[in-house]
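K.L.:
predicted model and sequence below, questions to follow.
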Amino acid sequence: MNRPSDLDTLIARHQDGLALPREFYTRQDIYDYDIAAYWNQSWIWVGHESQLPNPGDYITFDYGQESIIVVRDKEGALHAHLNVCRHRGSRVCTESSGNARVLVCPYHAWTFELSGQLRSGRAMGPDFDPGKWGLFPAQLRVFQGLIFVCASADAPPIDAGLADLAPLTAPFGLDRLKIAHSASYPVPANWKLAVENYMECYHCAPSHKEYARSHTLKAPHEMEGLMEPLQARSAAIGLPTDIYHTSGAAAGGAGADTYYRRYPLYDGFETGSRDGTALAPLLGDLTGLDGGATDLQIGPLNNFLIYADHVVGYRFVPRGLQETDIQIVWLVHEDAEEGRDYDVDALTWLWHVTSLDDERIIRHNQEGVNSQFFQPGPLNPMEWGIQSFYEGYLGLIAKPPARHAAE
Amino acid sequence: MNRPSDLDTLIARHQDGLALPREFYTRQDIYDYDIAAYWNQSWIWVGHESQLPNPGDYITFDYGQESIIVVRDKEGALHAHLNVCRHRGSRVCTESSGNARVLVCPYHAWTFELSGQLRSGRAMGPDFDPGKWGLFPAQLRVFQGLIFVCASADAPPIDAGLADLAPLTAPFGLDRLKIAHSASYPVPANWKLAVENYMECYHCAPSHKEYARSHTLKAPHEMEGLMEPLQARSAAIGLPTDIYHTSGAAAGGAGADTYYRRYPLYDGFETGSRDGTALAPLLGDLTGLDGGATDLQIGPLNNFLIYADHVVGYRFVPRGLQETDIQIVWLVHEDAEEGRDYDVDALTWLWHVTSLDDERIIRHNQEGVNSQFFQPGPLNPMEWGIQSFYEGYLGLIAKPPARHAAE
Amino acid sequence: MNRPSDLDTLIARHQDGLALPREFYTRQDIYDYDIAAYWNQSWIWVGHESQLPNPGDYITFDYGQESIIVVRDKEGALHAHLNVCRHRGSRVCTESSGNARVLVCPYHAWTFELSGQLRSGRAMGPDFDPGKWGLFPAQLRVFQGLIFVCASADAPPIDAGLADLAPLTAPFGLDRLKIAHSASYPVPANWKLAVENYMECYHCAPSHKEYARSHTLKAPHEMEGLMEPLQARSAAIGLPTDIYHTSGAAAGGAGADTYYRRYPLYDGFETGSRDGTALAPLLGDLTGLDGGATDLQIGPLNNFLIYADHVVGYRFVPRGLQETDIQIVWLVHEDAEEGRDYDVDALTWLWHVTSLDDERIIRHNQEGVNSQFFQPGPLNPMEWGIQSFYEGYLGLIAKPPARHAAE
């Protein structure tokens, strides 16, 4: 993947406090380089351990032109592999999930162990050394049941951040969740515009009527006023009330950002529901609903909104220069039973309607940015998260591209 | 927008009297530059004043990746703005028409006066100067009710031409029209092939059976023979019979071409209708039907065909390298009432069937030009309008690109 | 068409015995050059003489952005022309087949003789010389009824190979065939991956259940064991049992490869049918079914599978960088009558189901090759045909591009 020859010029053109230059949202070569130099060197949340309970269970996750396999081996360990046969390059797993004793390429039946080793290159002759042709490994981390992968050998140093986060998120019992529902919202826009949209709540008041009724994030002053009572309520149900944020050098390097903060809902809202009442059984060790929501960020690309009774996971998956899937996963306590303990329509209502809004406003954002007259304007103080995203993004693509795990 | 590095070579390769080299119809970078250097520096007909009778009425017009707002302010004046929010670039108006007291960006609610000034950048803090962040202005001209815009600050010098045209078109009462119908015909071809198709009637005899029955333009010698009787009839109903044509330097510069000529229909056709009889009430101050048609061109991109009882406006709107919308607007006297005074099917019949023909022949033209074996062939004398279009086009893109209004 | 500036570097990066570097399957500029330097300089099978029995009969064949007309003139001779009008480039023939006295461009009615000469450039004036503006000729060869064209003037030297093949294929009476059915299977993959798929039977066992039941090509050792009895049976019905193969320099130059080999079906299969029994009347002079199949290749792009009772012709037609049509044509004896002598569903069953498999595996191949982590892996000995294809392909695109017939 070639580095765009004018990339440093474009990076230098970016001014602190302004949006990125237009080219970052409109040029195919920069998109291609985004995948190579940013996505392939970032941690990506691909699923939850509850999706792979048994030996041989696997899931695949695709972004850009890449595909990654996560599979549980016979000893119960998880592995991540690049989903590219080492023979002539076919996808090895062509389904989004399944169970397999070995991974057999559907084209010529090259057969890989769950660990990625090539068991047999069928009829390749006596001089062929299967040891050299195993699946390329991807990096893998599991944090309280949440599975993250990174295609690059030089994965961002996320471990210290995860260790710091662990006690903060422990009470939610994230390892005892299950997926209640998943949805994908395609947006005809560059992935960065979708990320930026999530990174700021300056737009929440004008754009998200339903969300703005219950969540204080859109009104910093109101949020501040409600913070103290929330902290008392959170402590009462067993939650720490710290704010935790590392990024850039402090986090150990680009791509290792982590963030944890709990913030209040408006009075009358115990959780992120239409009428304010609980949507599902309490998570983990919690003893009640505190009317708060946690923003949890693990790496710059993975976002979780944690209420006391459910979790909403967010990804912004690039499919093309101006094609992005907003993927949303709703998780509840593993013991909760659909119909009895939760209703999918009620559970997903808020972030479904909010995502429909987002699809519209991100689309119009891209349309305007496509204009040759677009010039980056000033960010609002509430858009500090975008500024932080820019720093990490520009820092990572400014570097020479890292090699992947197998090189 | 980068100027293609070999553009001057390609321009030099064009030979007088031949079609353009293939690259002008097949290369994405040249298409992108077409929008930047030609469309953004040309006058474009976007509508008629009758569409914006009241304060706050607005319309938008899109081409390429650009969008322009035309809006009537509280004092009744029209303004044209680039439809790009100065904050993070969202489209400000997302509908093709409407009425608004102020223009509010749908993303973060930045609020602009109808004049384009930023009234308020919501919660941008005390150091923020709204005076610096108004909508970029586009240039605007109204000619007898017809609204033209140009995105560039250095708009082509069209005023002298319009002044010359004014007495010629005055009898039609163009300012007293209303839109009876609009239609769009998507063509999988470069916009220049669609323009070229309109610029010549060499193809009319073989390609347009219906048109060729009634219009003499396809047969210059027959047209000449019928010109004198037409001029008598035109004069009798109050029309001047001049031919007016300025282009290039004579027009004051590239992009300021204007053209006016009335030519005869065949005997038995009082207007451009299926059976030759009138389609709508007489326009303006006319006292009868003269069996003629006026070709009116204002700037190289805007064409009008004026009969004594209706006007047909043409635009060829680029959507992509080989995606163009042929947009047709039928206008009638503002007092005409649908059903009583005109029938939309009858009114639109001729140019509907003719446009279906054009879609087909322009598509086949693009298919052939896409061949690596295509070589530009000799233009016919009847294709002089294409030669004239080439001169203006190549002249404009040969120059360094102008800056837009706001820079 | 510009030669990619790093093409020689990419060619040098290819290692003998490995798949091609990723760029050959993923880059638009290489695809464009493929059409210019490979397809336009290769022989392409476009049809069978039985499609053009009468004077004025024509067919067209499209690939990439090119289109070629094959037409029979009044004296009965076939001509091939580039389907690009010499005036402004329109396609001249817009249907896939038809009959015409002269070829009239649908745009401006320039009229060409069936020989390609311009009869008349309508109203082009006295100085116009029609002799200079005839349709560009393509090269043409007819081999036992099979029609091949090449857009380039320097067509590959196929004649010696055809002369050698002639006695081998003579007993099949290929000139006495008719087309029983044609089908097209669109595959979202680069054309080279579709060709490679056809060039090897290493994938047949794992990927083609139905084919593998009847055809021994997927198991070289089993094939060897059945070869001798087949040769006896083939000789008995009048077929030569030679293997013939020329390629590269031995064939007289790149693009002139020819190949002929008959190989056995499994016992119980007299032809490539579901139940092993005959599908249609015997071809040519054959006196029985021998339970064999002939692989016939004429030029690197044209493949025929000849059973004793029918012929299956294959083409892999590029439509875009990652868009290819697998075109299959089933031919039977010219006297065979549908319904009485053959059933289309039975005739086409095997290669229909096999092509559905191929669509799937080629698609997954492209998906994996699109990964930035793809690295070319080692070819299996059974994939020798791919290696041979690479040599011819890389040899041809390494040369400076030839000019076409008319330059």
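P.N.:
Ah, there it is. Numbering: from 1, shown residues only, chains lettered A, B, ... in the order given.
K.L.:
can you show me the CA trace of stretch A:383-397 as CSV?
P.N.:
Taking C-alpha atoms only, stretch A:383-397 is exported to CSV below (Å, rounded to 0.1, in the frame of the first residue of the first chain):
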residue,chain,number,x,y,z
GLU,A,383,-16.0,18.7,20.2
TRP,A,384,-12.7,18.1,22.2
GLY,A,385,-13.1,14.4,21.4
ILE,A,386,-12.8,15.0,17.7
GLN,A,387,-9.6,17.0,18.3
SER,A,388,-8.3,14.0,20.4
PHE,A,389,-9.3,11.6,17.6
TYR,A,390,-7.5,13.8,15.0
GLU,A,391,-4.3,13.8,17.1
GLY,A,392,-4.2,10.0,17.3
TYR,A,393,-5.2,9.5,13.7
LEU,A,394,-2.7,11.9,12.3
GLY,A,395,0.0,10.7,14.6
LEU,A,396,-0.5,7.1,13.4
ILE,A,397,-0.6,7.8,9.7
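K.L.:
give me the mean pLDDT for that stretch.
P.N.:
Mean pLDDT, stretch A:383-397: 94.
K.L.:
that stretch and chain C, are they touching?
P.N.:
No - using CB under 8 Å from any CB of the partner chain, stretch A:383-397 stays clear of chain C, coming no nearer than 14.4 Å. C-beta coordinates here come from the backbone N, C-alpha and C atoms, glycine included.
K.L.:
show me what counts as buried in the helix or strand residue A:347 falls within.
P.N.:
Using DSSP states H and E, residue A:347 falls within helix A:344-369. For helix A:344-369, burial by neighbour count (16 or more other CB atoms under 10 Å in any protein chain shown) applies to A:347-352, A:354-355, A:357-359, A:361-369.
K.L.:
next, the buried residues of whatever helix or strand comes next after it.
P.N.:
Using DSSP H and E, the helix or strand that follows helix A:344-369 in sequence is helix A:384-398. Judged by neighbour count (16+ other CB under 10 Å), helix A:384-398 contains these buried residues: A:385-397.
K.L.:
and the helices in chain A?
P.N.:
Here chain A has its helices, by DSSP state H, at A:7-13, A:23-26, A:28-33, A:159-169, A:191-199, A:204-207, A:209-214, A:220-237, A:344-369, A:384-398.
K.L.:
correct me if wrong: residue A:351 contacts residue A:328.
P.N.:
Yes - counting by CB atoms under 8 Å, residue A:351 does reach residue A:328; the two are 5.7 Å apart.
K.L.:
overlap in contacts of the two?
P.N.:
residue A:312 (CB atoms under 8 Å, 6 or more residues apart in numbering or on different chains).
K.L.:
how is chain A divided into domains?
P.N.:
What automatic domain parsing lists as the domains of chain A is A:44-140, A:157-397.
K.L.:
need those domains in JSON lines with distance to residue B:20, can you?
P.N.:
Shown next, in JSON lines, are the domains of chain A (distance: least, CB to CB, whole Å):
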{"stretch": "domain A:44-140", "distance to residue B:20": "36"}
{"stretch": "domain A:157-397", "distance to residue B:20": "23"}
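K.L.:
out of those, flag the one nearest residue C:264.
P.N.:
domain A:44-140 (19.7 Å; CB to CB).
K.L.:
that closest one - what's its average pLDDT?
P.N.:
97.
K.L.:
hmm, it touching chain C?
P.N.:
Yes - applying CB under 8 Å from any CB, one finds domain A:44-140 touching chain C at A:65-67, A:82-92, A:94, A:104, A:106-109, A:121-125, A:128, A:133, A:136.
K.L.:
ok, and the closest non-adjacent residue to the residue of the stretch 151-300 of chain A found nearest chain B?
P.N.:
With CB to the nearest CB, the shortest gap between the stretch 151-300 of chain A and chain B falls at residue A:206, namely 3.8 Å. Once flanking residues are discounted, residue A:206 sits nearest to residue B:109: 3.8 Å by CB to CB, 6 or more residues apart in numbering or on different chains.
K.L.:
tally of neighbours for the residue of the stretch 151-300 of chain A found nearest chain C?
P.N.:
Nearest to chain C, among the residues of the stretch 151-300 of chain A, is residue A:151, at 6.8 Å (CB to the nearest CB). Using other CB atoms under 10 Å in any protein chain shown, residue A:151 has 30 neighbouring residues.
K.L.:
my read: residue A:376 touches residue A:19, true?
P.N.:
Yes - with contacts counted by CB under 8 Å, residue A:376 reaches residue A:19, the gap being 3.8 Å.
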